[in-house]
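> model this:
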Amino acid sequence: MRKLRRRLIRWQIGLALLIIGVYVVTAIAAPILAPQEEPDTPSAYRIVKRGPIGRRVPQPPGPDAPLGTVPGGIDVYYALIWGTAPALRFGLLVALSTALIGTLIGAVSGYLGGQYNRLVIRFVDAFLAFPAIAGVFLFLQVLKPSTLDIPPTTFQQFMASLDLSPVMLALILFSWMPYARMINANVILLKQSEYVLAATTLGASHNRIVFRHLLPNGISPTIVMAARDVGAMVIMEASFTFIGLSGELPWGVILVSGRNWIIGPGGNPLAYWWVFLPVTLALVLFGIGWNLLGDSLNAYLNPRLRN
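Got it, this is the predicted structure:
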């Protein structure tokens, strides 16, 4: 049974790395797979000119557009290839940022304990009650472009310098709480371990106890969650784009451009399959790859599952 479990873990790790590797290679090889028409002004979109009808109606795959076009003449294949790198960058940045914020807050509050920890946990619970979609609306209003009559505020200028979209900022600020909750519980439990008590008795500094003893032994669930969140954050961003909120990832933009053509004449969902199927499959496989990686890391880092 253990041999079978180890084989399944290795198979799952291999499949996860294969799927993620395809996306990484696609992002790196994008200039070869879909050459830019104007390298000096790179863009994730390419307009295919097929007459005035092609501007209004999705056009089927052809030599100039292997996966067809959506209304406006946007090449689906081109956006799919050049949207891979922004998706990877978005997912990794949001997942790693939320994991870092939540881990630091949860670990420090759990180590200090007492009234301070109870106050921090109440603060975390308050953030948990605030949905991410409300945060997107909030930052859309705060960061919306100023008119010519009203110059941008200092905060708007600062956020513009960071190049963070409202969706990215909202997801970072309103998705770190599960990490804080998880690492907080682990740290409180590990504080009673013999090696931590021994380090405290020997006069080890607080920083050494937290970063040398507590975090390395309690951070594995955070790593697993962060791996899964890479795919989840990209799918969530595409969902926000699809329902009409702010969104900049090319995959979500393609879905929005063709959403009125998902159901074709006579209720046939395959009449214009290229407007949704390629990007949907890309999003689904992207999420599956990172979920498999998270499950694999969970099995590898958990001794009870590994042995």
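
> how about the strands in this structure?
69-70, 74-75 (DSSP state E).

> neighbouring contacts of the last one?
Here strand 74-75 makes contact (CB atoms under 8 Å, 6 or more residues apart in numbering) with Tyr45, Arg46, Ile47, Val48, Asp64, Ala65, Leu67, Thr69, Ile254, Ser257. The way it works is simple: take the backbone N, C-alpha and C, and place the C-beta from them, glycine included.

> possible to save these as CSV with distance to Pro166, neighbour count and pLDDT?
Shown next, in CSV, are the contacts of strand 74-75 (distance: CB to CB, whole Å; neighbours: other CB atoms under 10 Å; pLDDT from 0 to 100):
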residue, distance to Pro166, neighbour count, pLDDT
Tyr45, 21, 16, 87
Arg46, 26, 22, 87
Ile47, 27, 15, 85
Val48, 30, 18, 84
Asp64, 35, 13, 85
Ala65, 31, 22, 87
Leu67, 29, 22, 90
Thr69, 28, 32, 90
Ile254, 20, 31, 91
Ser257, 20, 20, 88
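
> okay, and which of those residues map to helices?
Ile254, Ser257 (DSSP state H).

> let me know the closest of the contacts of strand 74-75 to Leu297.
Taking CB to CB as the measure, Leu297 lies nearest Ile254 of the contacts of strand 74-75, at 31.0 Å.

> can you get me a residue count around Asp229?
The tally of other residues near Asp229 (other CB atoms under 10 Å) stands at 25.

> actually Ile74, not the one I typed
Residues near Ile74, counting by other CB under 10 Å, number 22.

> what's across from it in the sheet?
When bridges are called by DSSP bridges, Ile74 pairs up with Ile47, Val70.

> mind checking how far it is from Ala271?
18 Å (CB to CB, to the nearest Å).

> Trp176 too?
43 Å.

> which pLDDT value belongs to Glu248?
The model reports Glu248 with a pLDDT of 80.

> Ile133 touches Ser239, doesn't it?
No - with contact defined as CB atoms under 8 Å, Ile133 does not count as touching Ser239 (9.3 Å).

> now do the shared contacts for these two.
With CB under 8 Å, 6+ apart, Ile133 and Ser239 have no common neighbours.

> the longest helix seen in the chain - contacts with which helices or strands?
Across the chain, the longest stretch assigned as helix under DSSP H is helix 84-112. When contacts are defined as 3 or more CB pairs under 8 Å, 6 or more residues apart in numbering; DSSP states H and E, helix 84-112 packs onto helix 2-28, helix 114-128, helix 166-173, helix 177-190, helix 215-218, helix 220-242, helix 277-301.

> more neighbours: Trp176 and Ala271, which one.
Between Trp176 and Ala271, Trp176 has the larger neighbour count (other CB under 10 Å), namely 22 against 15.

> hmm, the more buried one is touching Ala95, no?
No - between Trp176 and Ala95 there is no contact under CB under 8 Å: 10.3 Å.

> which residue, other than its chain neighbours, is closest to Gly113?
Ile188 (6.9 Å; CB to CB, 6 or more residues apart in numbering).

> could I get the contacting residues of the one you found?
Ile188 neighbours (CB under 8 Å, 6+ apart): Gly110, Gly113, Asn117.

> ok, now which ones touch the first one?
Applying CB under 8 Å, 6+ apart, we find Gly110 in contact with Asn117, Ile183, Asn184, Ala185, Asn186, Val187, Ile188, Lys191, Leu214.

> find the nearest non-adjacent residue to it, please.
Val187 (3.3 Å).

> neighbours of the one you found, just the number please.
Residues near Val187, counting by other CB under 10 Å: 26.

> tell me how far it lies from Ala180.
Noted for Val187: a distance of 10 Å to Ala180, by CB to CB.
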